[in-house]
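[1] got a predicted structure plus its sequence, pasted below:
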Amino acid sequence: MATAAASNPVKSAMRTLDVIEYVVAHRQGAVAQEIAGALAIPVSSLSYLLGTLTDRGYLSREGRRYLPGPGLERLRAPDAALTLEDRVRPLVRALRGELNETSSFMVRREWEVEALVTEASDQALRYAVDPGTRRPLHALAAGKVMLAWLPEAEMAQYFAQVQRERFTPATRTSEADLRADFSRIRNDGVCVAREEATPGICGTAAPVWIDGELVGAFSVAVPAVRFDADSEARIRALLIRTATAIQGT
């Protein structure tokens, strides 16, 4: 009991920081229902957090929308710039918190995919990746998402230039197989890669669009022994919700 009680203030603090970061990342403000849905916080808990943050001046309220409050100016430089990393970090944390599976935001670096933000599961059996780690596009779910929406001329260049290594028996390397995968990804809006990059690990990713530009992908990596139909459906739904939440920020 003492351990559970001691963990509650930490969870509350993490949620408070996630709410602040989410509202700051949404320049137009956010309503309570949007915040609750994006960060997977129960409405009853969120109401208390929003009230406290507003009373302390860290948030302000205009109608139904919450915006950054004057209290935040005491905590940051006046000319602080908001990066893509700043905007996605609270959502990656929320994904990891809800699933307790390793969650990341990936970006494309030429013909590789890079982990920009990642939060590792604390389960004994897990897949972990360090920020800055790069892997070939064709083997990871996030990389295949970014390949799927390439303009045809750039996609043809990719197939002509890149030698695609087979990492596991499940790795898809041929142009015909990958183009078939890309078509399914565009139709589904989500990519699932089963043990294509690492034996025993299944990845799922959803694209992130900002102002009509594909800027990266949220992804979740799960050991295959936990990746059943129910888990896959839940992860798909959460990734789509999370990717949608960042649009318009």
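    Great, that's in hand.

[2] how many neighbouring residues does G51 have?
    Residues within reach of G51, counting by other Cβ atoms under 10 Å, total 12. C-betas here are computed from N, CA, C, even on glycine.

[3] show me where pLDDT drops low in the chain?
    Along the chain, the model assigns pLDDT under 70 to residues 1-10, 74-82, 247-249.

[4] hey, where'd the helices end up in it?
    2-25, 32-39, 43-55, 84-99, 141-148, 152-161, 175-188, 229-246 (DSSP state H).

[5] got the contact list for the fifth one?
    Judged by Cβ atoms under 8 Å, 6 or more residues apart in numbering, the contacts made with helix 141-148 from elsewhere in the structure are 104, 106, 108, 112-113, 135-138, 155, 158, 178, 181-183, 185-186, 191-193, 196, 203-207, 214, 216-219.

[6] restricted to strands, list those.
    Among the contacts of helix 141-148, DSSP state E puts 104, 106, 108, 112-113, 135-136, 191-193, 203-207, 214, 216-219 in strands.

[7] which residues touch the nearest residue to S219 once chain neighbours are set aside?
    Excluding its sequence neighbours, the residue lying closest to S219 (Cβ to Cβ, 6 or more residues apart in numbering) is A205, at 3.9 Å. Shown in contact with A205 (Cβ under 8 Å, 6+ apart): 106, 140-142, 144-145, 190-191, 193, 217-220, 239.

[8] this protein - how does it break down into domains?
    2-74, 84-246 (automatic domain parsing).

[9] got the end-to-end distance for the last one?
    So that's domain 84-246. 10 Å (Cα to Cα, to the nearest Å).

[10] so T204 makes contact with R236?
    Yes: T204 is within contact range of R236, at 6.4 Å (criterion: Cβ atoms under 8 Å).

[11] who has more neighbours, the two?
    Legend: neighbour count by other Cβ under 10 Å for T204 and R236, higher for T204 (26 against 17).

[12] where's the more buried one relative to T242, distance?
    Using Cβ to Cβ, to the nearest Å, T204 is found at 12 Å from T242.

[13] one more: D86?
    The value you get for D86 to T242, if Cβ to Cβ is used, is 16 Å.

[14] more neighbours: these two, which one.
    The residue with more neighbours, out of D86 and T242, is T242; 25 against 14, by other Cβ under 10 Å.

[15] kindly provide the distance from the residue nearest the centre of the chain to A176.
    In the chain, the residue lying closest to the centroid (Cα atoms, centre = their mean) is F218, at 3.3 Å. Taking Cβ to Cβ as the measure, F218 falls 28 Å from A176.

[16] can you check G189 too?
    According to Cβ to Cβ, G189 stands 22 Å off from A176.

[17] looking at those two, which is more packed in?
    Applying other Cβ under 10 Å to G189 and A176 shows that G189 carries more neighbours, namely 14 against 8.

[18] list the contacts for that one?
    Listed by Cβ under 8 Å, 6+ apart, the contact set of G189 reads A206, P207, I240.

[19] state the distance from the last one to G189.
    In this case it means I240. Distance, I240 to G189, by Cβ to Cβ: 6 Å.

[20] shared neighbours of the two, anything?
    Applying Cβ under 8 Å, 6+ apart, one finds that I240 and G189 are jointly contacted by A206.

[21] I figured I20 was touching L72, is that so?
    Yes: counting by Cβ under 8 Å, I20 touches L72, with 7.4 Å between them.
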